[in-house]
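Novice: Task: produce atomic coordinates for the following.
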Amino acid sequence: MAASYAISWMEGWTIFDAFYFLISSVLTIGFGDLVPVNDKFVLVTLLIVLIGLVLTTTCVDIVGAYYIDKLHFFGRRLDSEPKINIHNITKLKSSIPTFVTFSLILSRHFFSRILIIIGAS
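Specialist: Numbering: from 1, shown residues only. The predicted structure is shown next:
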């Protein structure tokens, strides 16, 4: 927000225009509808964009690492759970009811694990 005040002061823009310019520059969207007129401001903009890119990349990395850890431990929990005994199910005569029963057993097991993990977080 301080950068928005500095930009609005240096260029004579409104705070909203300065904030809009800052966000579109940091996220590298750059529509080109607001362009700095002051030559000295171009260097300040470059510095602000570099700092903003570092902060944005760091935030995305932190959030991504959090969800990768969640998925990693989700897989480990599934590996440590007792397995469904498929041997008895496969001995049965292959038919549509058997397939439906087997799929219901698997879906119940899978979705109960999902709900437990979502509830734990």
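Novice: ok, Phe19 to Leu34 distance?
Specialist: 11 Å (CB to CB, to the nearest Å). Heads up, the C-betas are built off the backbone N, CA and C, glycines and all.
Novice: what does Phe16 give?
Specialist: Phe16 is 11 Å from Leu34, by CB to CB.
Novice: The two - which one has more neighbours?
Specialist: Set Phe16 next to Leu34 and count neighbours by other CB atoms under 10 Å: Leu34 wins out with 16 against 10.
Novice: In terms of helix, strand or coil, where does the closest residue to that one other than its chain neighbours fall?
Specialist: Among residues not flanking Leu34 along the chain, Phe21 sits closest, at 4.4 Å (CB to CB, 6 or more residues apart in numbering). On the three-state scheme (DSSP: H, G, I helix; E, B strand; the rest coil), Phe21 is labelled helix.
Novice: show me what contacts Phe21?
Specialist: 7, 13, 34, 36 (CB atoms under 8 Å, 6 or more residues apart in numbering).
Novice: I'd like to know which of these are buried.
Specialist: 7, 13, 34, 36 (16 or more other CB atoms under 10 Å).
Novice: Let me have the residues you listed in TSV, extended by pLDDT.
Specialist: Conversion of the buried ones among the contacts of Phe21 to TSV gives the following (pLDDT from 0 to 100):
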residue	pLDDT
Ile7	82
Trp13	90
Leu34	86
Pro36	82
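Novice: Out of those residues, which comes closest to Leu47?
Specialist: Ile7 (11.7 Å; CB to CB).
Novice: Leaving out chain neighbours, which residue sits closest to the closest one?
Specialist: Ala18 is the one closest to Ile7 (CB to CB, 6+ apart), at 3.8 Å.
Novice: Now do the longest helix seen in the chain: which elements does it pack against?
Specialist: For the chain, the longest helix by residue count, based on DSSP state H, is helix 39-80. For helix 39-80, the elements it packs on are helix 2-11, helix 15-26, helix 96-120, judged by 3 or more CB pairs under 8 Å, 6 or more residues apart in numbering; DSSP states H and E.
Novice: if we go to 6 Å?
Specialist: The helices and strands touching helix 39-80, judged by 3 or more CB pairs under 6 Å, 6 or more residues apart in numbering; DSSP states H and E, are helix 15-26.
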